[in-house]
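S.K.: Here is my input; please provide its structure:
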Amino acid sequence: MPEKRDRLRALIDIGIALAGELSLDGVLEKIVKAAAELTGARYAALGVIDRSGQGLERFVVTGMDLETQTAIGQLPVGRGILGLLIQEARPVRLDDLAADPSSVGFPPHHPPMKTFLGVPVLLRGVAYGNLYLTEKDGGGPFTEEDEELVQMLAAQAAVAVENARLHESATRWLNQLESLNEIVDALISEAELPKLLELVATRLRELVKARLVVIAMPAPGGDLVIRTVAGEGSEKLVGTALGRDGSKSGRVLDRGRSERVDSMIEDLEVDQEAGRLMAARTGLFVPLLLRGRPIGVLSAHDREGSDPRFTDEDLRLAETFSARVAVAVNLSERVARDALRSVVGAQELERKRLARELHDETGQALTSILLGLKELEDAGSAYDVSSATARLRELVVTTLQDVRRLAVELRPRALDDFGLVPALERLAETFQEQTGLEVIMEPRLGPARLPSEIETALYRIIQEALTNVVKHAHASRVSIVLSRRDNTVSAVFEDNGRGFAVDDPRSGRLGILGMKERLSLLDGTLTVESSPGGGTTLVAEVPVP
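M.R.: Reported below is the predicted structural model:
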């Protein structure tokens, strides 16, 4: 039978071609075309069975042009003869489709089909899909030999499909891991918790192709509160409380174990009211655990595409992602605590200094006023009264000036009302009047105001530097240059004082550590250049958002 030998040789060639194809779409198309060529069928198709095992999720066709497929409309979902093959997973050969009791007919615009051959494609004994062949050349029925050849093709197809699926799965997982590493780098660089959570929700939604992603975290009362959402029309969910015992997120957090929900409405642990607010049909719930401590729950809802259910691969990817997110969230919280601790520490140092000045200067001045009042009471003549009154007036004026100076040090109104340059000009003017030192100001910032926190930080740096000049430097001249370049603002402070050894541990008394900490909160830097007898230069640089 030379014809059969030729067909077997063609079958071997097809097997070799299938083995070299790593794209699943390419494999499916080659299988369908090969089946049509082997049997002489006018039409051939391969229907891929969905995860429920009850219908078709994919339908690859050959022999039918795009115009005809468009006119037919929706692809078959697995009813009639196609459904019989799905249920029984055995070869079916018919001489007349319409005469079979299982037939349900054809939709409008469908080409006529009479003869039929259907063969299942089995992967490790489980039906992956079915090959459908119709309208054999010459109008005759499909033969037993056709059925045998297509079964052999189906066996080869099963191996090729499995290889392609494994290759695509490995490639997809590798790409997802690369994306995951990029996301983790972005997470580590984001220190503010609200922005971090927003980034997490957005990136997880992209990774698992979800319609909606929700992040819930424990509130002080013990229940969960939705902190961040990603998805269209989801802003209304922020702030929604989820009972720890009455919600799926709460149960998952307590168990510390991820869960996939294929039907939200059928899961007894789902808070149906919250589910309606989210309009969610399916869910993926992953706890955020840091060394066994629960810190929140990630949930994704409604996978994009015809099937809204998530896969085991989606769950594994979300778990890998959540492990890194938990570390990033913990780091963000620690950075926030450390920053707060630094701010509180700086505030306490400032309070101590002000308390000392109030006690040493203003307190002593007020005590002198009280003694002056006593002297005024004991005065025996008009001259004594006039002299005592003049001394009291001088003390009150001096004390009032000290109080005003302290008020300015606490928070100068010019800084809030007019900005950094006017406030520093007023500070330099006052400093020059009080000390007699020459102060040269060169502002090159332009008319635009800087962010409030940057203006405050630079003002305090200059203020501290001027105080150090009086207490330690014994200088006669001070220079202050403010400039802005690209996205950076800098303040250069120079004096011609006696200087100091920068690496001397005693230099800490100059407040340099406090200056550096203040600038570090704004991602800024402080450079100190000084040497004994050579004056001091401070350069503060801060990035401007």
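S.K.: residue ranges of the helices in the stretch 101-250 of the chain, please?
M.R.: Applying DSSP state H, counting those that start in this stretch to the stretch 101-250 of the chain gives helices spanning 144-189, 193-208, 248-255.
S.K.: Kindly reformat those helices as CSV and extend each row with mean pLDDT.
M.R.: Formatted as CSV, the helices of the stretch 101-250 of the chain follow (pLDDT from 0 to 100):
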stretch, mean pLDDT
helix 144-189, 75
helix 193-208, 79
helix 248-255, 89
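S.K.: Turn these into CSV, columns for distance to Ile31 and mean neighbour count.
M.R.: For glycine as for every other residue, the C-beta is placed from the backbone atoms N, C-alpha and C. Formatted as CSV, the helices of the stretch 101-250 of the chain follow (distance: least, C-beta to C-beta, whole Å; neighbours: other C-beta atoms under 10 Å):
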stretch, distance to Ile31, mean neighbour count
helix 144-189, 5, 16
helix 193-208, 30, 19
helix 248-255, 41, 20
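S.K.: can you list these in a markdown table and add distance to Gly305?
M.R.: Formatted as a markdown table, these follow (distance: least, C-beta to C-beta, whole Å):
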| stretch | distance to Gly305 |
| --- | --- |
| helix 144-189 | 15 |
| helix 193-208 | 12 |
| helix 248-255 | 23 |
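S.K.: Mind checking those for the one nearest to Leu315?
M.R.: Within these, the stretch nearest Leu315 is helix 193-208; the backing value is 8.7 Å (C-beta to C-beta).
S.K.: circling back: between the helices of the stretch 101-250 of the chain, which gets nearest to Asp312?
M.R.: When the helices of the stretch 101-250 of the chain are compared by C-beta to C-beta, helix 144-189 sits nearest Asp312, at 10.9 Å.
S.K.: need the contact list for the nearest residue to Gly83 once chain neighbours are set aside.
M.R.: Residue nearest to Gly83 in three dimensions, not counting chain neighbours: Ser102, with 7.5 Å by C-beta to C-beta, 6 or more residues apart in numbering. The contact partners of Ser102, taken as C-beta atoms under 8 Å, 6 or more residues apart in numbering, are Gly80, Ile81, Gly83, Leu84.
S.K.: The third one: what secondary structure?
M.R.: Following DSSP: H, G, I helix; E, B strand; the rest coil, the label given to Gly83 is helix.
S.K.: circling back to that earlier point, tell me both backbone torsions, phi and psi, for the residue nearest to Gly83.
M.R.: Per-residue torsions, Ser102: phi -80, psi -10 (degrees, to the nearest 10).
S.K.: so Ser249 sits right up against Leu224, yeah?
M.R.: Yes - Ser249 lies in contact with Leu224 (C-beta atoms under 8 Å); the separation is 5.6 Å.
S.K.: can you list residues touching both of those two?
M.R.: Joint contacts of Ser249 and Leu224 (C-beta under 8 Å, 6+ apart) are Ala216, Leu242, Val297.
S.K.: In the beta-sheet assignment, what are the partners of the first one?
M.R.: For Ala216, the residues forming beta bridges with it (DSSP bridges) are Ile226, Val297.
S.K.: what residues are up against the closest residue to Ile31 other than its chain neighbours?
M.R.: Counting by C-beta to C-beta, 6+ apart, Ile31 lies nearest to Ala157, which is 4.5 Å off, once chain neighbours are set aside. Contacts for Ala157 (C-beta under 8 Å, 6+ apart) come out as Leu18, Val27, Ile31, Val121, Leu131.
S.K.: From Phe116, how far off is the residue nearest to Gly83?
M.R.: Going from Ser102 to Phe116 by C-beta to C-beta, to the nearest Å gives 11 Å.
S.K.: Now for those two: what residues contact both?
M.R.: The contact sets of Ser102 and Phe116 overlap at Ile81 (C-beta under 8 Å, 6+ apart).
S.K.: and stretch 48-60, how far from the chain's centre?
M.R.: Relative to the chain's own centre, stretch 48-60 is displaced by 35 Å; criterion: C-alpha atoms, centre = their mean, to the nearest Å.
S.K.: Check which helix or strand Phe493 maps to.
M.R.: Phe493 belongs to strand 488-495 when assigned by DSSP states H and E.
S.K.: what comes up buried for whichever helix or strand comes after that strand?
M.R.: Using DSSP H and E, the helix or strand that follows strand 488-495 in sequence is helix 512-520. By 16 or more other C-beta atoms under 10 Å, the buried positions in helix 512-520 come out as Ile512, Gly514, Met515, Lys516, Arg518, Leu519.
S.K.: now stretch 277-294
M.R.: For stretch 277-294, a neighbour-count test (16+ other C-beta under 10 Å) marks 278, 280-290, 294 as buried.
S.K.: and what of stretch 488-501?
M.R.: Quick answer for stretch 488-501 (16+ other C-beta under 10 Å): Val489, Ser490, Ala491, Val492, Phe493, Glu494, Asp495, Asn496, Gly497, Arg498, Gly499, Phe500.
S.K.: of all the residues you listed, which two lie farthest apart?
M.R.: Those two in the buried residues of stretch 488-501 that are separated most widely, counting by C-beta to C-beta, are Val489 and Arg498, at 29.4 Å.
S.K.: Report the separation between the closest residue to Glu135 other than its chain neighbours and Val119.
M.R.: Distance criterion C-beta to C-beta, 6+ apart; nearest residue to Glu135, sequence neighbours excluded, is Arg42 at 3.9 Å. Distance, Arg42 to Val119, using C-beta to C-beta: 17 Å.
S.K.: Looking at those two, which has the bigger crowd around it?
M.R.: A direct count of neighbours by other C-beta atoms under 10 Å for Arg42 and Val119 places Val119 higher, at 27 against 17.
S.K.: related to what we said a few turns ago, what's the per-residue pLDDT of the residue nearest to Gly83 here?
M.R.: Ser102 carries a pLDDT value of 75.
S.K.: list the contacts for Glu259?
M.R.: Glu259 touches Lys248, Val252, Leu284, Phe285, counting by C-beta under 8 Å, 6+ apart.
S.K.: quick one: contacts for the second one?
M.R.: Pointing back at Val252 there. By C-beta under 8 Å, 6+ apart, the neighbours of Val252 are Ser258, Glu259, Phe285, Val286, Pro287, Val297.
S.K.: about what we covered before: hmm, Gly63 and the residue nearest to Glu135 touching each other?
M.R.: Yes - between Arg42 and Gly63 there is a contact at 5.3 Å, judged by C-beta under 8 Å.
S.K.: Touching both of these two, which residues are there?
M.R.: Ala36.
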